[in-house]
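Colleague: just coords:
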DNA sequence: TGACAGCTACGAAGTCCTTCGTAGATAATG
DNA sequence: CATTATCTACGAAGGACTTCGTAGCTGTCA
């Protein structure tokens, strides 16, 4: 079984993770710039330091400038978060979740088709 | 457009809301009992008081024992939370969310069939 | 009536999260 | 070499959340 993130990232942490997923390993400055928050440089730094302790990111401690990298992939984190939501508010029922996801957002025909394709793929693989 | 909860309930608040949804209007003691936390009576009371300020619940101020009731339905709150997740971690893509929901939890054949039925219902209603 | 049980209100502690300011080290620049 | 820019580390403030203890009120019951 693949390991899982131990705790949910907070909102601020998630925002940073998204940048790391999009850009790959990055320095504090790069993250801050990408987020349009270069003025909040030390805030981002502090968050990344905390995230390092929490093992949400790891860093390459090059002498001068550290490079941070997400420990967990985007997909695994998404899975973690969706599972959490599923259990916390949907009683573990995936179909209830899907109902609300579709109701909440006017999902395009293209999206719907894609989801249907997914379901068909699952058809064989489930018992 | 129907109104929406303004902020996400916290985890503790959500746990209480679930009891209120399940039981309907309830007293503090009933909620505490249902949660198996009768010893934490004043904690639950305090939370309900705060939730009243936040307009997550409303209360009937009967002279002796207040009765609390969720302001938002379960469905609307679920929608709110799923929308939040959708935007915060799935870039607004419902299909990505569904992928991970299905991957995260071994969904039963019955569940899958139900979801498929849902999609078919949507078929007509979308452009 | 007096003790007790059950209720609300409230304050305060402890924790976590986020932000920012400052200090110290080191590289870059003139 | 001196100044400036850039980096890390760190502490502290402020806010939100959760928990708990205490106080005060009001019924109940022997």
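Modeller: It's in. On a predicted model such as this, the values are computed, not experimentally measured, just so you know. Residues are numbered from 1 along each chain as shown, chains lettered A, B, ... in the order given.
Colleague: what does the helix or strand in which residue A:87 is found contact?
Modeller: Element membership for residue A:87, per DSSP states H and E: helix A:74-89. The contact list for helix A:74-89, computed with C-beta atoms under 8 Å, 6 or more residues apart in numbering or on different chains, reads A:2, A:4-5, A:8-9, A:17-18, A:21, A:70, A:72, A:92-94, A:97, B:11, B:14, B:18, B:77-78, B:81-82, B:85, B:89-90, B:96-97, B:100-101, B:103-105. No exception for glycine: its C-beta is placed from N, CA and C like everyone else's.
Colleague: can you give me the helices for chain A?
Modeller: Secondary structure of chain A (DSSP state H): helices at A:11-23, A:28-34, A:41-53, A:74-89, A:94-104, A:109-125.
Colleague: please identify the deepest-packed of those.
Modeller: Stretch with highest mean neighbour count among the helices of chain A: helix A:94-104 (a mean of 22; mean count of other C-beta atoms under 10 Å in any protein chain shown).
Colleague: one step back: the helix holding residue A:87 to helix B:94-104, inter-axis angle?
Modeller: Inter-element angle recorded for helix A:74-89 and helix B:94-104: 80 degrees (by axes from the mean of the first three to the mean of the last three C-alpha atoms, to 10 degrees).
Colleague: and the angle for the helix or strand bottoming out on mean pLDDT in chain A with helix B:94-104?
Modeller: Lowest by mean pLDDT, DSSP states H and E among the helices and strands of chain A is helix A:109-125, with a mean of 78. Calculated by the same axes, to 10 degrees, helix A:109-125 forms an angle of 20 degrees with helix B:94-104.
Colleague: and the contacts of helix A:109-125?
Modeller: For helix A:109-125, the external contacting residues (C-beta under 8 Å, 6+ apart) are A:102, A:107, B:93-95, B:98-99, B:102, B:107, B:112, B:115-116, B:119, B:122-123, B:126-127.
Colleague: so how far is it from its chain's centroid?
Modeller: Remark: helix A:109-125 is offset 23 Å from the chain centroid, using C-alpha atoms, centre = their mean, to the nearest Å.
Colleague: check stretch A:32-43 too.
Modeller: Relative to the centre of its chain, stretch A:32-43 is centred 19 Å away, using C-alpha atoms, centre = their mean.
Colleague: likewise for stretch A:58-75?
Modeller: Distance, centroid of stretch A:58-75 to centroid of chain: 16 Å (C-alpha atoms, centre = their mean).
Colleague: shaky segments in chain A?
Modeller: Low-confidence segments of chain A (pLDDT under 70): A:1-2, A:123-127.
Colleague: any idea how far the residue in it that DNA strand D sits nearest to lies from residue B:78?
Modeller: Proximity of chain A to DNA strand D (C-beta to the nearest atom of the strand) peaks at residue A:66, 3.6 Å away. To residue B:78, residue A:66 is 40 Å away according to C-beta to C-beta, to the nearest Å.
Colleague: isn't residue A:35 right up against residue A:15?
Modeller: Yes - the pair residue A:35 / residue A:15 is scored as a contact, 6.6 Å apart, by C-beta atoms under 8 Å.
Colleague: tabulate the helices of chain A (JSON lines), appending distance to residue B:43.
Modeller: Converted to JSON lines, those look like this (distance: least, C-beta to C-beta, whole Å):
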{"stretch": "helix A:11-23", "distance to residue B:43": "25"}
{"stretch": "helix A:28-34", "distance to residue B:43": "38"}
{"stretch": "helix A:41-53", "distance to residue B:43": "28"}
{"stretch": "helix A:74-89", "distance to residue B:43": "19"}
{"stretch": "helix A:94-104", "distance to residue B:43": "29"}
{"stretch": "helix A:109-125", "distance to residue B:43": "41"}
